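1. need coordinates for the following:
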Amino acid sequence: MSRHEIIVCNSNNMYTVPDGSVNLIVTSPPYPMIEMWDTLFSEQNPQIKKDLNAENGMCAFLKMHDILNSVWKECDRVLAPNGFVCINIGDATRKINGDFQLYSNHTMIINQFINMGYSVLPDILWRKQSNAPNKFMGSGMYPAGAYVTYEHEYILVFRKGGKRIFKGREKTLRQKSAFFWEERNIWFSDLWEIKGTSQTILSDVKSRNRNASFPLEIPFRLINMYSAKGDTVLDPFTGLGTTNLACMISNRNSIGIDIDEKIANIALENLNQSVSKINDVVRERIYRHIAFIENLPKDKKDKCYKNAPHGFLVKTKQETALEIEQLCEIEKSENIYYCVYQKYDI
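-> Just a heads-up that it's a prediction; the model follows:
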């Protein structure tokens, strides 16, 4: 059984989350110096609006990151030793006082986690597929006046302390949480080409008119890469609950936090998915693997191993205990969902 909760509060004080109770943090925070987030940052520090009105871009930028840093410090409190933090963040480009400039959000976050004593692991570039015909900004065809268009964002990865050691039941759960060989080759690449998701949102949500969500595939991959079944995953900027939904699919516990009550209520409703819809994602993952094995040449297929829980072939011995569950039931109690699973039968 997994547990999924949505909490309304400012993530700089996650008082309901105990110290060291979270194994993984997966989130996409508001992006400093992206205009849609100006109001949210200014409500927490009115001086930011004054800086923007006075066209003091760098002053506003630093104050916005001060707000994010207070959340990262609170994340450090709730994260268990050897836990991981995965942050999807984009840099910002903006013209202030007639000067076009890049505001490097990912650099500021890396520096903060270094200051907190974290290990910085290789990051991932998420390249968003775009149909935009213009790949530049600025002075058309003349040199020395145009700027490249940003079509990527970063997924930063940090670890708190050393390598996690799995013993006893945790070791067994880790073996059951293995991913497929072909998934590893895609997921652990430093370039992900994944389509973005719809950015529309209800008009009565005052904090923003776009949801700024990342697609389900991003947290789904990260959760399976950096946590094991039974772990607890936190998203301190949960938005529409995409990370929570990925945890439902992956048999991890989840906590989603958002400062906006209306957004949090939408997230809670988004978790009220049908069992069959969630199991479609599980089914697609298994069928994709079976198709991969079927397309192997006979000599390579003959060298495959048999997965014990499901009976299909796998490429490596580490995949033989991999066990994929399907949802049987979703129960709700106030703002908490409970998911009941059983082994997926092929």
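2. for the rest of this, base every contact and every neighbour count on C-alpha atoms.
-> OK.
3. how many neighbours does the nearest residue to Glu294 once chain neighbours are set aside have?
-> Take Glu294 and drop its neighbours on the chain: the residue closest to it by C-alpha to C-alpha, 6 or more residues apart in numbering is Lys301, 7.9 Å away. The tally of other residues near Lys301 (other C-alpha atoms under 10 Å) stands at 15.
4. so where do the helices sit in the stretch 201-346 of the chain?
-> In the stretch 201-346 of the chain, the helices defined using DSSP state H, counting those that start in this stretch lie at 217-226, 242-250, 261-270, 275-294, 298-301.
5. so Ile6 lies in a strand, does it not?
-> Yes: assigned with DSSP: H, G, I helix; E, B strand; the rest coil, Ile6 falls within a strand.
6. so it sits against Asn335, correct?
-> Yes: counting by C-alpha atoms under 8 Å, Ile6 touches Asn335, with 6.1 Å between them.
7. okay, the two: which has more neighbours?
-> Of the pair Ile6 and Asn335, Ile6 is the one with more neighbours under other C-alpha under 10 Å, namely 24 against 13.
8. please report how far that one lies from Glu269.
-> Separation of Ile6 from Glu269 (C-alpha to C-alpha, to the nearest Å): 10 Å.
9. hmm, the residue nearest to Glu294 is touching Ile293, no?
-> Yes: Lys301 lies in contact with Ile293 (C-alpha under 8 Å); the separation is 6.9 Å.
10. which neighbours do those two share?
-> Listed as contacting both Lys301 and Ile293 by C-alpha atoms under 8 Å, 6 or more residues apart in numbering is no residue at all.
11. packing partners for the longest helix anywhere in the chain?
-> Longest helix in the chain, counting residues (DSSP state H): helix 57-78. If contacts are counted by 3 or more C-alpha pairs under 8 Å, 6 or more residues apart in numbering; DSSP states H and E, helix 57-78 sits against helix 38-44, helix 46-53, helix 105-115.
12. CA atoms only: put it into CSV for me.
-> Presented in CSV, the C-alpha positions along helix 57-78 are these (Å, rounded to 0.1, in the frame of the first residue of the first chain):
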residue,chain,number,x,y,z
GLY,A,57,16.9,43.1,-12.4
MET,A,58,19.8,41.5,-10.6
CYS,A,59,18.6,42.7,-7.2
ALA,A,60,15.2,41.1,-7.8
PHE,A,61,16.8,37.9,-9.1
LEU,A,62,18.9,37.5,-6.0
LYS,A,63,15.9,38.1,-3.7
MET,A,64,13.9,35.6,-5.6
HIS,A,65,16.6,33.0,-5.0
ASP,A,66,16.7,33.9,-1.3
ILE,A,67,13.1,32.7,-1.2
LEU,A,68,13.9,29.5,-3.0
ASN,A,69,16.9,29.0,-0.7
SER,A,70,14.7,29.0,2.4
VAL,A,71,12.8,26.1,0.8
TRP,A,72,16.0,24.2,-0.1
LYS,A,73,17.1,24.5,3.6
GLU,A,74,13.8,23.1,4.7
CYS,A,75,14.1,20.3,2.2
ASP,A,76,17.5,19.5,3.7
ARG,A,77,15.8,19.1,7.1
VAL,A,78,13.2,16.5,5.9
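13. fine by me, we can end here.
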